[in-house]
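1. Model the structure of this input:
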Amino acid sequence: MSSQRSIDLTGKVAAGSVQRSGDTLRFGVRDRNGRGPMVPVVYTGVVPDPFRVGREVIVTGKLTNGTFVGERDSLVTKCPSKFQTKPATSKT
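-> Here you go, the predicted structure:
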């Protein structure tokens with residue numbers, strides 16, 4: 001379906017799923033807890049340095065025949081420390 005809009009896929013990179021071939025990166029994404037069914041992703045473009053298994057990522061693209069096809073240069077790697085709750089500080 002060519003009129004399908006792009007969506008953001010968010011989840012964790014699945015263990016044993018990362019394969020590089022030339023400019024193409026293939027990997028699987030599971031839910032934010034690292035569980036559930038794996039969505040296969042095909043991506044080309046810039047790969048952020050922190051990209052690795054278990055890291056939460058966001059990629060923009062379209063689901064085509066059961067594979068998520070990422071738009072070029074749309075892969076973002078989330079830094080876990082930025083999204084964790086900070087401990088409350090007490091003022092004395």
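
2. On the three-state scheme, residue 53 is what?
-> Look at residue 53: counting by DSSP: H, G, I helix; E, B strand; the rest coil, its state is coil.

3. To clarify, my last question referred to residue 9.
-> Applying three-state DSSP: residue 9 is strand.

4. That one pairs with what?
-> residue 59 (DSSP bridges).

5. try residue 25
-> Going by DSSP bridges, residue 25 forms beta bridges with residue 20, residue 43.

6. That one contacts residue 43, doesn't it?
-> Yes - using Cβ atoms under 8 Å, residue 25 is in contact with residue 43, at 4.8 Å. The way it works is simple: take the backbone N, C-alpha and C, and place the C-beta from them, glycine included.

7. With neighbour numbers in mind, choose between these two.
-> Ranked by neighbour count (other Cβ atoms under 10 Å), residue 25 and residue 43 place residue 43 first, with 24 against 19.

8. can you list residues touching both of residue 25 and residue 43?
-> Listed contacts common to residue 25 and residue 43 are residue 75; contacts here mean Cβ atoms under 8 Å, 6 or more residues apart in numbering.

9. Could you give the number of residues near residue 47?
-> 17.

10. Identify the residues contacting it.
-> With the criterion set at Cβ under 8 Å, 6+ apart, residue 47 makes contact with 25, 75.

11. now the one 5 residues further on
-> With contacts defined as Cβ under 8 Å, 6+ apart, residue 52 is in contact with 13, 18.

12. and it, what pLDDT?
-> Looking at residue 52, its pLDDT stands at 95.

13. swap in residue 34?
-> The model's pLDDT for residue 34 equals 79.

14. these two touch, right, it and residue 12?
-> Yes - using Cβ under 8 Å, residue 34 is in contact with residue 12, at 4.6 Å.
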